[in-house]
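>>> okay, structure incoming, though there's no sequence with it:
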Ligand SMILES: C=C(O[C@@H]1C=C(C(=O)O)C=C[C@H]1O)C(=O)O
Ligand SMILES: NC(=O)CC[C@H](N)C(=O)O
């Protein structure tokens, strides 16, 4: 797919597959499975897959002239119903109609939606299942015809595979189709694979690429072998056109989908030793240490701390210290603008910033940069800035300085950046979708080893602060003393709490069920927002102090963006974020990245213990929920990196108020790839936002349905229904090529310095969900933070 050189001789020995994607979230799992089948025959040395979307071409007339380039076509899975033709499947319906017989000799493999479309075009009936299967593993049974069909060569009679479908094919006694495989469930016996008798066209209803499917690679290998034999017989193999113009067309087609790295990664980076200052000393291993340290820091600080430590999570805490040399990057998606200025620059006022964002350019001081760009270009701006900052220094420390901050949900793919502040005044344009600050000075703590590091990228770490850290904490053992922080908010303050309407939630839940029954989505993470208005101002830090004690979590974050000094009569809309998230989204170093999707939740209570929760979390509902997101995350990684592994499969983890089902997926070899396909962790971040665990699958259609049809109504009392900071990510991109981002859940955020707070909570809805069960889960998650106010 992403080969570097177009060498015709070499290409002649490659199998070329055209993959037609329907904006599914499992596409690249299939693509990589195809690419891996390299040992097909001595004539073949590689498999090259070109992926296009089902709407890349408007009609077959545009695609037909390109088909001599390809040895086979794979039509992938996807949302929608083949009965809706072009509207749901773009070019796929016309492809299978094959009006003039142009595709008679071209081998095609249809998977799920592709299979249904193929069978429909042959006269079979495609209709809704009574009992729908999303992320469920079933035994597939081959019939006698399969024994003589090369597609299942080498297969046992039965094997397990994952199913993701709302619809199914009833072939009846259709004369054009030969059925090969079936499974049995509450719906009866269902067709799971068939071929078209008169053509080299095959299909499977199940998902060979799922991480829970057996022998998926063999199916693809068999299909490629059949394709090769077919093409050698028909002369397609010899006549394949790959020279000159065709070779150019192929490389252009390969770039249809944008996968350009955000910035070019170099072979080597300077070590930056002249300026980097690292002072290390021994401290207590108690995670409360981070908070005790915060108490002695007067300056502004961002905290990414752990209040619960467990293996591979929460081992480190970071206190980032922004100062006047810190560049602040804010992106405003709705008006497509980025601002860049230094932290608390005296020349920059709120009114000036607002004017320039409103397009009334006044005389901008030289220290304020405003760039017209969309969210995609914003990443390039960040890349350009960071490119020259990267150093090869202290890679064993996760953060030594770099960009720190918050990315909202709407900065992610497929989402409209439309959110605005709903607080009555006209501050709409000033709600940022991303806010990142470059940090030179930080305190980094390794709780596992009891080590503290004072770090500066420009050798400006305050000597006074270092001295007081040493005198207060160096060499001191764990103390039994708790935090001197209040466990409750001041009693005299009241809170007006606006929750989503239960009836609205029920309506949205029903609509989700409709979409899933129609085949438009397999899982939908439906979320709600609750607004809390205190009767008097409480400092955000004061709320954080109570929150972290009530709901300790591995990713407890505190951010208060006081980046503009307020003038007397101005109140800049300060973004604040307090989080006790259990969920890592993405962690990376120079070569590897790790994602830890959480999916599956059981509320804690007197009747619940770990064993019981484990039993519940391993039932089909929770299993399916987790598997769907696990396969989706594999897809997000596979799009950029070929080596992706599931390292932990559905472990149960215990938190303060809930049990959660967690999987771990890693991608290796970011930098060992060829120069052109070399990605950094930040490319993976850009490509995989919004986090799959907050969207559902398939990601594109699901987030669009949630944003346009469901949450705009359900959450209209907050930010016009936008999720904003909730469902986004928080973390850092360190100059030593490390990064770590947690999912913004179990959090609260404010766009007005704490005058009002928003709390998000939700959960994945599948066809196995019940309204009561989902409501209970949503309230359990909401309670983890709302408890601070009630
Ligand atoms: C949506 C939330 O949580 C997400 C949904 C989960 C689920 O559906 O089980 C679990 C963890 C998160 O990925 C939330 O906490 O608000
Ligand atoms: N995974 C798929 O391709 C699903 C196909 C179709 N949308 C269905 O739900 O049955």
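Perfect, thanks for sending it. All values reported here derive from a predicted model rather than from experimental measurement. Residues are numbered from 1 along each chain as shown. Ligands and ions are numbered 1, 2, ... in the order given.
>>> wait, what's in contact with residue 31?
Contacts for residue 31 (Cβ atoms under 8 Å, 6 or more residues apart in numbering) come out as 1, 19, 49, 51, 638. The way it works is simple: take the backbone N, C-alpha and C, and place the C-beta from them, glycine included.
>>> likewise residue 263?
Residue 263 sits next to 380, 383, 384, 386, 387, 680 when contact means Cβ under 8 Å, 6+ apart.
>>> do the same with residue 655
Here residue 655 is in contact with 308, 553, 582, 604 (criterion: Cβ under 8 Å, 6+ apart).
>>> out of the contacts of residue 31, the closest to ligand 1 would be?
For these, the closest approach to ligand 1 (Cβ to the nearest ligand atom) belongs to residue 638, at 20.6 Å.
>>> tabulate the contacts of residue 263 (TSV), appending pLDDT and distance to ligand 1.
Conversion of the contacts of residue 263 to TSV gives the following (pLDDT from 0 to 100; distance: Cβ to the nearest ligand atom, whole Å):
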residue	pLDDT	distance to ligand 1
380	97	29
383	97	28
384	97	32
386	97	28
387	94	32
680	94	25
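>>> can you name the residue of the stretch 451-600 of the chain nearest to ligand 1?
Taking Cβ to the nearest ligand atom as the measure, the point where the stretch 451-600 of the chain comes nearest ligand 1 is residue 598, at 3.9 Å.
>>> for the stretch 601-750 of the chain, which segments count as helices?
For the stretch 601-750 of the chain, the helices identified by DSSP state H, counting those that start in this stretch occupy 610-617, 620-638, 681-688, 699-705, 711-714, in order along the chain.
>>> which strands and helices lie in contact with the last one?
Okay, so that is helix 711-714. Contacting helix 711-714 under the criterion 3 or more Cβ pairs under 8 Å, 6 or more residues apart in numbering; DSSP states H and E are the following elements: helix 502-518, strand 523-534.
>>> what's next to it, contact-wise?
Outside helix 711-714, the residues that touch it by Cβ under 8 Å, 6+ apart are 500, 501, 504, 505, 507, 508, 526, 527, 528, 720, 721, 723.
>>> check pLDDT for those and point me to the minimum.
By pLDDT, residue 720 ranks lowest within those, coming in at 83.
>>> what is the neighbour count of that one?
Other residues lying near residue 720 total 16 when counted by other Cβ atoms under 10 Å.
>>> could you measure from it over to residue 162?
For residue 720, the distance to residue 162 (Cβ to Cβ, to the nearest Å) stands at 38 Å.
>>> which residue packs closest to residue 226, ignoring adjacent ones?
residue 150 (4.7 Å; Cβ to Cβ, 6 or more residues apart in numbering).
>>> so what's the residue count around the one you found?
Other residues lying near residue 150 total 16 when counted by other Cβ under 10 Å.
>>> what of residue 138?
A count of neighbours around residue 138, defined by other Cβ under 10 Å, yields 16.
>>> that's a strand at it, yeah?
Yes: when DSSP: H, G, I helix; E, B strand; the rest coil is applied, residue 138 is found to be in a strand.
>>> residue contacts, it?
So, once contact is read as Cβ under 8 Å, 6+ apart, residue 138 ends up touching 160, 161, 163, 183, 185, 206.
>>> make JSON lines out of these and add neighbour count and pLDDT.
As requested, the contacts of residue 138 are exported to JSON lines (neighbours: other Cβ atoms under 10 Å; pLDDT from 0 to 100):
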{"residue": "160", "neighbour count": "15", "pLDDT": "98"}
{"residue": "161", "neighbour count": "26", "pLDDT": "98"}
{"residue": "163", "neighbour count": "25", "pLDDT": "98"}
{"residue": "183", "neighbour count": "21", "pLDDT": "98"}
{"residue": "185", "neighbour count": "15", "pLDDT": "98"}
{"residue": "206", "neighbour count": "29", "pLDDT": "98"}
